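*Asks:* This is the structure alone, sequence omitted:
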């Protein structure tokens, strides 16, 4: 067992003011190169192209998740709540700090195209031969395995898992506050201090005192607002589509044997699907952007154009479609072909609910990979109920929303060929409007 | 002359809430690839290694300088102040927006090693064949020249220059607020709205109503605090030293004919000193970080170590030296040599006042390149005085401070060779202290 | 017609930073003694006994409503929206500033007991012989009448009325922000600047661009949160009950001919129901508190106890009752009588929905006194719809909530007579719990 | 000894978010009627007439001082600093909470006229027969005496005294933050959390780690700004002058045997100088305002006018005088007499440094009543120095400032008699300017 730090260390943090480090193990983990790499991965992927403040990194978010977990546990300890297993403090803090360490550059887009999974990489980084692994093994030989199993939600004590992975976990609480701060919106500002005060360990799970119900509603409404205003923002979706198409095109070309002007080893392994942990750790967003800068000069004009679009923010436009009838999509496809566009890339139908986010789902669905413990209220008679049973507001946001489809496309070729388009198509693509 | 936008556009900004764009020219400038490139240059260089929130870009700062300038001018126009030349609005806004467009990656460090000058590059980007130049020429053929001359402080109307370059200009006002926001400190929070309200155009210059003196003192104190707490932070200085050493070592190796594993064309031109505008525009911080990642595997162990230090934040430590006596420095040099260190790189004496910052200097010094108009107070009798003549506080911060020297060095080789060091040297380098 | 002020005046305001006064008429209205009296009336009545920061006055709120109205109109004028009748600017600003000028001390409680109506008093103060009336008449002879009719919602142009009285008016927007600021909660912090940007005058009413729907949802959720967390707070309800009982008891005693130790003339007129405007203007919260201080020493022990309770915050406790069955209430009444309590005063059943607040009601109900224009969205096809037709969230908060009844009572006599109570009653009143 | 509370209680506070009460004694003290009375005494006296948000009470400030003290002690305990005497926790918290309990209405003005002293009243309230005394005696018989002696700065352990009474004590830290919050200025926002982190108990006193010097400078600059922008505001001075004149006139009339229309018993005792503790506790600002409202109708036209001025904010105007030459003052006096003004009241020369505030004084001056421990820095060699020895900034604000004299006067009689005044006098009093 490692000793506590002689003197508490702090990080200045805009969201939590200060982040307090009291354990040598935590300090050492932060200083590993695998953790420092998170400085080069943005927390919100391409959102900075919509909200220019959103340049914050997964490094800062990971510290924030650690800090909220530390505060929750410290509250449990200060109040001597017996249902909190004190010996789980360090494993909880380590899992909180490391839960995102396997994220790659522009993670969600990368994962969709290359079928990788950041959680798997997180566990590999914890369990294989890395600096992180060495720090964790200094605690005990089986400690890396414990930390990984918390992250995999397989740890035998669900209360530990729920700290960093449930419907109201330290992960979500930090990212809502942090993303609100850096984008500059005030939708995500729920009252963290109040929420922490009403959380209780209770019979192996975490519950909320019923008197705190409105504070939880406020947190869930913040989440709802953030999803609609930030995470599902249609301009951000456009940049994600382009990003995914870059990865898709590069993969396609690579598989065809295309010879790239520039192809660093670690990207080659990604395309090859032969990455080791050490290859994976070389991937970061600086590398991705540098690749795009180089590829913007490739001979393949599709790849070059996509990279130029991403770097210089010439994004796809979109139109809203209530019901994507097959005949209409076919008509568009034919139009696009007729004017030299590539429908495989240049028309993308998007339905924002395909995202790895949900506003709130009360029930654990069978077979789902990421089942998250729901939010439980504890009333004066020590009875527990799931929050949507008590709150109209929560019920109203748990239902599936009727979303709209967006059709994304590059506007320039359409404008250039406007004379070849029917009036109806011109109207559909809003080409007759001013700038 | 370009028309105003049909509908005002806005950017969400954490510092100013919203940034309002009302002119087609401004909108078009923002969408050029040269301006979008500023998204890939951090405002505060390496400060993110000390303050993890400080990932904000020069893109966001440039929008902020534009917005403050827009607010000042709008206040002048709303109050119908006759001393403000209304026809200078657009040139002022463009100069505010573009004043930093020539910054390279980690600008100050780059400039020191390669003797480039971001202001010169800014003017080239405005005047040569670029997207920015095309947008400006759409206003009038000589418009690019006007914008450049404002930035070079040669524009015939000093009041226009002083908006973006004086002791209390839109540039400084934005960066103090922005850097405070993203680092998370509250030292930089002066009352912008109050300052804007007391500014007046007066006989060709900008003055401040005497009743606003305390607000200006507050602004200057914010500046003083920010310099000491953020800009001169010794840990940030350490990362800048390493960065400069990377550039220096790469240049040295290149000049010696060393064959790099990885050397992109635009970096070669930088080392060659043969950069064109289009080469320069390919330099960004993603490229720099990618280069460091590649070079961390170079055969040259010095370059490889420096790159690894920068990426994984294994910074140099420092000790404080009141008076750097030559004999002491020589003794250290010999010690370092004796244990295999390279004093050319591994010992760097730093005096923080070498920075391109000053807290406040009331007088324009002859021959200085960057002379900045001082802050002038206008009293009830319409008499003007420089603020340090009226304020004790300002006088106290304008004087030169007695700074301390810091000696930076890599700690590991010293610790590894502690047995070969005298007790005195062990104490000097604080090697006997705990971690 | 009065001229604009030579120089804009400002008030420092914590919510809006500055409040800008540009018209001589507004400046003169603020300086009348009737408006200055609002400094001595709290915005949130007795809420300061629950949230100690909530000492802010109706003076500050009235300035805030004026400022938001000024900003809305200024946005309409800046964008040259033709549907805004420019000539209505001054009458709108005056009505915004004066809409609350008829509030008495602890207004809602006072009105319930004495059946007065602050809106009627507002109109009297505007129309009868007062300093305010003189300032308004300096604009034109019929100007006071115009201002009053806006406040009475009878003004011929509904768009003017809706600025200060609709489901999203300047009044509510200011009080949500202001009450959140002074209580210190962050539930009321919607994005005012965004809401102002999406408001439009359109065919005689105010509408919101559909793209602003989520911002409006956020505003309505803030309202919902504020009602539950602040306005309906059960401890505040307790202090309001005691306050109402003081007024009720004083009235009862006065009507019986009881001789008070202290009875200022203006209070006598209130009890007599013979108040003139000038009597009414002498009522303020300082007077009310002074009366309570004096009456705390009256011979009538009920009045004295109530006053002591209010001043020294010895509030009634409460228990929650799902369904107030008559037999249960009768049982309690008998118990209270049996131990010397006075059920007329000492048991008060409260249902929080009796308040002059509602979260949001989409429809104007026939015959209702305070019908408020609903929130209308304007879509891209220039079609208008009421917001709850488009938003699930809004629908979920417009429905009538199942509230709970609270039974308020003084705890001390129960504790003192615990031995005379059945176990069931002890449990009902939670007397066996710790402190 | 009293037990801790079963469950921590909280107060929502805008400055500290939450105020935590963990001791039964503290909870009971807050619920005494003497402490609740502080709700009816404003923290900033008449400043609300300049800054309309400044309605906050000494109740909220007292809770804030308690909370900061609690945080300091909790930091000392968490870090196990041996120089902190743990047994002094409760006495420190009680003294912090109660240090202002003896303040009367508009305290400073009252004290100047009636020669009372709030600190003496505080001690009487603690030591004589009051609810507070009963709560304190429940701890131990000599506990009230201990608490009082801390407040009187006579407690044998200076470290306890310095927590609530030194150049950087919990009292000042709370009022700077709180007054900044409620007035709405941002000058007072120093980094409390950082300051708390660098404070240390050391050999019987409190010191600050030298690395925290800039944070302390920031705190002192906040203080400097607050004094000039808020506490010494010339409009606030005007309202204080009128207030003092009301008290002075009432006393004068009373001593002459004038028969007041309204004279409550507790005010009579004040004028008589025969107040008991229980009389004193009946004085609050509601009573004062009610008295002014009644006296505004007195036959004595001077008293009536002063009261009307205060209530309706018809304040005295002022002119600035660099050097108040006797001949000039005499000339003014004669002019005032000649047009029927009363120079005893209508001309008041004010020098703002007569206030019970100082920006910072490093040395304890012999014989001074309120000597405050200076701010001490502790360097790496464990040597202590007073901060102004190390900081230029601090030195620059400790010096005595050259202040200006303000001459206050009612403007209306001058305007009404302008024809009788010399041109020079018209200019001096700025009567020829527009409104």
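*Replies:* Here it is on my side, so go on. Computed from a prediction, not measured in an experiment: that's the story for all the values here.
*Asks:* what ranges of the stretch 51-200 of chain A fall below the confidence cut-off?
*Replies:* Applying pLDDT under 70 to the stretch 51-200 of chain A flags no residue at all.
*Asks:* Up against chain C, what does the stretch 51-200 of chain A have?
*Replies:* A:185, A:186, A:187, A:189, A:190, A:191 (C-beta under 8 Å from any C-beta of the partner chain). Every C-beta, even on glycine, is put in place using the N, C-alpha and C of the backbone.
*Asks:* From those, pick the one nearest residue A:313.
*Replies:* residue A:185 (20.1 Å; C-beta to C-beta).
*Asks:* Please report how far residue A:227 lies from residue A:188.
*Replies:* 10 Å (C-beta to C-beta, to the nearest Å).
*Asks:* can you list the residues of the stretch 151-300 of chain A near chain B?
*Replies:* A:181-185, A:262, A:264, A:282, A:284-290, A:293-294.
*Asks:* again, only using 7 Å
*Replies:* Within the stretch 151-300 of chain A, the positions near chain B by C-beta under 7 Å from any C-beta of the partner chain are A:182, A:183, A:184, A:185, A:282, A:286, A:287, A:289, A:290, A:293.
*Asks:* Of those residues, which is the nearest to residue A:350?
*Replies:* Once C-beta to C-beta is applied, the member of those that ends up nearest residue A:350 is residue A:183, at 20.9 Å.
*Asks:* And the closest residue to the closest one other than its chain neighbours, how far from chain D?
*Replies:* With C-beta to C-beta, 6 or more residues apart in numbering or on different chains as the criterion, residue A:183 has its nearest non-adjacent residue at 3.9 Å, and that residue is residue A:51. Here the criterion is C-beta to the nearest C-beta, to the nearest Å. By it, residue A:51 lies 25 Å from chain D.
*Asks:* Burial check on residue A:51, number of neighbours?
*Replies:* Look at residue A:51: counted by other C-beta atoms under 10 Å in any protein chain shown, it has 24 neighbours.
*Asks:* residues in contact with it?
*Replies:* Applying C-beta atoms under 7 Å, 6 or more residues apart in numbering or on different chains, we find residue A:51 in contact with A:183, A:184, B:12.
*Asks:* Closest to chain D out of the residues you listed?
*Replies:* residue A:184 (18.1 Å; C-beta to the nearest C-beta).
*Asks:* Check the burial of that closest one by counting its neighbours.
*Replies:* 20.
*Asks:* Distance of the residue lying closest to it once chain neighbours are set aside relative to residue A:185?
*Replies:* Among residues not flanking residue A:184 along the chain, residue B:14 sits closest, at 3.2 Å (C-beta to C-beta, 6+ apart). Going from residue B:14 to residue A:185 by C-beta to C-beta gives 9 Å.
*Asks:* Figure out the helix or strand that the closest residue to chain C within chain A lives in.
*Replies:* For chain A, the residue closest to chain C is residue A:396, as judged by C-beta to the nearest C-beta, at 3.0 Å. For residue A:396, the element it lies in under DSSP states H and E is helix A:392-398.
*Asks:* picking that back up, how close does the residue of chain A closest to chain C get to chain B?
*Replies:* Applying C-beta to the nearest C-beta, the value for residue A:396 to chain B is 27 Å.
*Asks:* Can you tell me the closest non-neighbouring residue to that residue?
*Replies:* Spatial nearest neighbour of residue A:396, excluding adjacent residues (C-beta to C-beta, 6+ apart): residue C:396 at 3.0 Å.
*Asks:* Could you tell me how many residues sit around that neighbour?
*Replies:* Residue C:396: 18 neighbours (other C-beta under 10 Å).
*Asks:* Can you name the residues that contact it?
*Replies:* Counting by C-beta under 7 Å, 6+ apart, residue C:396 touches A:392, A:393, A:395, A:396.
*Asks:* now do residue A:376
*Replies:* Residues counted as contacts of residue A:376 (C-beta under 7 Å, 6+ apart) are A:205, A:207, A:208, A:384, A:386.
*Asks:* I'd like the distance between it and residue A:88.
*Replies:* Taken as C-beta to C-beta, the span from residue A:376 to residue A:88 is 19 Å.
*Asks:* ok, the longest strand along chain A near chain B or not?
*Replies:* Looking across chain A with DSSP state E, the single longest strand is strand A:4-13. Yes: looking at strand A:4-13 against chain B by C-beta under 7 Å from any C-beta, the contacts come from A:6, A:11, A:12, A:13.
*Asks:* I am assuming the third one contacts residue A:19, so please confirm or correct that.
*Replies:* By that I understand residue A:12. No: taking C-beta atoms under 7 Å as the definition, residue A:12 is not a contact partner of residue A:19, at 8.1 Å.
*Asks:* Spatially nearest residue to residue A:392, not counting backbone neighbours?
*Replies:* residue C:396 (5.4 Å).
*Asks:* again with residue A:206
*Replies:* residue A:162 (5.2 Å).
*Asks:* Where does the one you found fall, secondary structure wise?
*Replies:* helix A:158-164.
*Asks:* before we move on, the earlier item: please determine how far the residue nearest to residue A:184 is located from residue A:48.
*Replies:* With C-beta to C-beta as the criterion, residue B:14 and residue A:48 are 12 Å apart.
*Asks:* Residue A:395 now?
*Replies:* Counting by C-beta to C-beta, the gap from residue A:395 to residue A:48 is 35 Å.
*Asks:* Between the two, which has more neighbouring residues?
*Replies:* Neighbour totals were compared for residue A:395 and residue A:48, and residue A:48 leads with 24 against 16 (other C-beta under 10 Å).
*Asks:* does that one sit in a helix, a strand or a coil?
*Replies:* helix (DSSP: H, G, I helix; E, B strand; the rest coil).
*Asks:* Next: residue A:53.
*Replies:* coil.
*Asks:* List the contacts of it.
*Replies:* Neighbour list for residue A:53: A:182, A:183, A:184, B:13, B:14, B:56, B:60 [criterion: C-beta under 7 Å, 6+ apart].
*Asks:* Just give me the neighbour total for residue A:38.
*Replies:* 24.
*Asks:* pretty sure residue A:418 is in contact with residue A:429, am I right?
*Replies:* No: Residue A:418 is not in contact with residue A:429 according to C-beta under 7 Å; the separation is 9.2 Å.
*Asks:* returning to that earlier point: could you measure from the residue nearest to residue A:183 over to residue B:56?
*Replies:* Applying C-beta to C-beta to residue A:51 and residue B:56 gives a distance of 12 Å.
*Asks:* so what sits against both of these two?
*Replies:* With C-beta under 7 Å, 6+ apart, residue A:51 and residue B:56 have no common neighbours.
*Asks:* Write out the residues of chain A neighbouring chain D.
*Replies:* So far as C-beta under 7 Å from any C-beta goes, chain A lies against chain D at A:17, A:18, A:193.
*Asks:* now, which of those sits nearest residue C:167?
*Replies:* Looking across these and measuring by C-beta to C-beta, the closest to residue C:167 is residue A:193, at 31.6 Å.
*Asks:* contacts for stretch A:69-76?
*Replies:* If you take C-beta under 7 Å, 6+ apart as the criterion, stretch A:69-76 is touched by A:20, A:84, A:89, A:92, A:93, A:96, A:163, A:164, A:170, A:196, A:199, A:201.
*Asks:* Thanks a lot, see you next time.
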